[in-house]
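Enquirer: turn this into a model:
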Amino acid sequence: MTYGWAGEVVINLILLFEKDFINGNKSVRIRGRRYRHITEVQRIAVGDELTVGLGNGPLGKARITHRSDDALEMDVHWEGDPPPAVDGIFILALPRPPVLKRVLAAVTSMGIKRIYLINTQRVEKSFWNSRALKEEAIRQQLILGLEQARDTVLPQVVLKPYFKKFVQDELPALCQGRRALAAHPGGDQPCPRSVDQPFVLAIGPEGGFIPYEISQLQLAGFSIIDAGRRILRVETAVAFLLGRLLNP
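Expert: This is a model prediction of the structure:
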């Protein structure tokens with residue numbers, strides 16, 4: 001999503017869901033956040049057209065046919081598929097709730113469809129009780145990321161609160177056939193550029209993984225990489241590392 005002169009967020013795509021349809025798959029009625037954005041930020045009126053997408057479905061265009069005080073009705077026609085997904089798995093040590101929200105939206109906008117939130121020694125136990133981990137709260141951040149990137153396919157987010165069990169019992173299978181990379185300050189090698197194969201990227205908490213966690217990741221097949229000499233915030237490291245892996 002981009003920003004207007006006053007700093008308001010401009011959604012690049014209005015994401016629609018089955019519950020929005022009022023006439024088969026041809027017309028929709030929307031309220032709430034999307035309605036306010038269209039009318040107050042984009043200032044689109046009856047007769048105007050905007051880009052839409054169906055959740056987990058195609059992209060298209062919608063023409064506004066009716067506006068009331070709290071709802072818009074639009075006729076929809078579908079035109080094509082969403083952008084292809086990235087063949088990568090993203091693993092993140094659960095960060096502070098405000099950071100988690102930003103990271104979920106950002107990673108979704110970059111095309112990642114499998115996200116694992118894990119526990120590590122330096123993750124605060126209270127984070128696992130945060131409202132940010134509620135299903136609807138996570139979904140809202142994923143939707144923001146899809147609206148940013150003009151995508152429609154919701155990622156899968158999996159919570160793994162037991163590090164040892166996850167790394168020993170599940171992670172080796174997830175890494176099969178993939179290049180496995182774990183980011184940690186002082187890693188053995190720099191983050192590679194333009195990885196042209198399926199990958200798994202793991203990023204630790206503020207302060208990094210502890211030595212035991214690094215050893216367990218290495219046993220699971222991970223190479224330990226770093227993001228340079230500067231210590232980055234989690235959300236900055238996520239953008240930097242995924243940017244290097246994905247950009248040609």
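Enquirer: what helix or strand is the most centrally placed residue in the chain on?
Expert: Central residue of the chain (Cα atoms, centre = their mean): residue 108, 2.1 Å from the mean position. Assessed by DSSP states H and E, residue 108 sits inside helix 97-109.
Enquirer: C-terminal to that helix, what's the next element?
Expert: Per DSSP H and E, the first helix or strand lying C-terminal to helix 97-109 is strand 112-118.
Enquirer: just checking, what packs against that following strand?
Expert: Applying 3 or more Cβ pairs under 8 Å, 6 or more residues apart in numbering; DSSP states H and E, we find strand 112-118 packed against strand 86-93, helix 97-109, strand 156-160, helix 163-169. The way it works is simple: take the backbone N, C-alpha and C, and place the C-beta from them, glycine included.
Enquirer: figure out which of these is closest to residue 135.
Expert: Smallest distance to residue 135 across those (Cβ to Cβ): 8.9 Å, for strand 156-160.
Enquirer: give me the sheet partners of the closest one and which way each runs.
Expert: According to DSSP bridges, strand 156-160 forms sheet pairs with strand 112-118 (parallel).
Enquirer: what sits up against the strand it pairs with?
Expert: 85-86, 88-94, 100, 104, 107, 133, 153, 155-161, 163, 166, 242 (Cβ atoms under 8 Å, 6 or more residues apart in numbering).
Enquirer: buried residues in the helix holding residue 108?
Expert: 99, 100, 101, 102, 103, 104, 105, 106, 107, 108, 109 (16 or more other Cβ atoms under 10 Å).
Enquirer: between it and strand 86-93, how many degrees?
Expert: Interaxial angle, helix 97-109 versus strand 86-93 (axes from the mean of the first three to the mean of the last three Cα atoms, to 10 degrees): 170 degrees.
Enquirer: before we move on, the earlier item: distance-wise, check the residue nearest to the centre of the chain relative to residue 133.
Expert: 16 Å (Cβ to Cβ, to the nearest Å).
Enquirer: so who does residue 157 touch?
Expert: 104, 115, 116, 117, 138, 142.
Enquirer: pipe the residues you listed into TSV and attach distance to residue 127 and pLDDT per row.
Expert: Output for the contacts of residue 157, formatted as TSV (distance: Cβ to Cβ, whole Å; pLDDT from 0 to 100):
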residue	distance to residue 127	pLDDT
104	14	96
115	16	98
116	15	98
117	9	98
138	13	97
142	19	96
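Enquirer: scan those and report the most crowded one.
Expert: Neighbour tally across the contacts of residue 157 (other Cβ atoms under 10 Å): the maximum, 26 neighbours, falls on residue 104.
Enquirer: compare the helices and strands packed on strand 112-118 and give me the one nearest residue 209.
Expert: Of all the helices and strands packed on strand 112-118, strand 86-93 sits nearest to residue 209, with 7.6 Å by Cβ to Cβ.
Enquirer: sheet partners, orientation included, of that closest one?
Expert: strand 112-118 (parallel), strand 199-203 (parallel).
Enquirer: quick one: end-to-end distance for stretch 14-23.
Expert: 18 Å (Cα to Cα, to the nearest Å).
Enquirer: now stretch 174-181
Expert: 12 Å.
Enquirer: give me the contacts around that stretch.
Expert: So stretch 174-181 is contacted by 89, 191-192, 195, 197-202, 217, 220-223, 225, 245 (Cβ under 8 Å, 6+ apart).
Enquirer: what's the answer for stretch 79-91, then?
Expert: By Cβ under 8 Å, 6+ apart, stretch 79-91 touches 53, 58-61, 107, 110-116, 118, 149-153, 174, 178, 198-203, 242, 245-246.
Enquirer: what subset of those is buried?
Expert: With burial judged by 16+ other Cβ under 10 Å, the buried subset of the contacts of stretch 79-91 is 53, 59-60, 107, 110-116, 118, 149-153, 174, 178, 199-203, 242, 245-246.
Enquirer: for this structure, which helix is longest?
Expert: Assignment by DSSP state H gives helix 135-149 as the longest helix of the chain.
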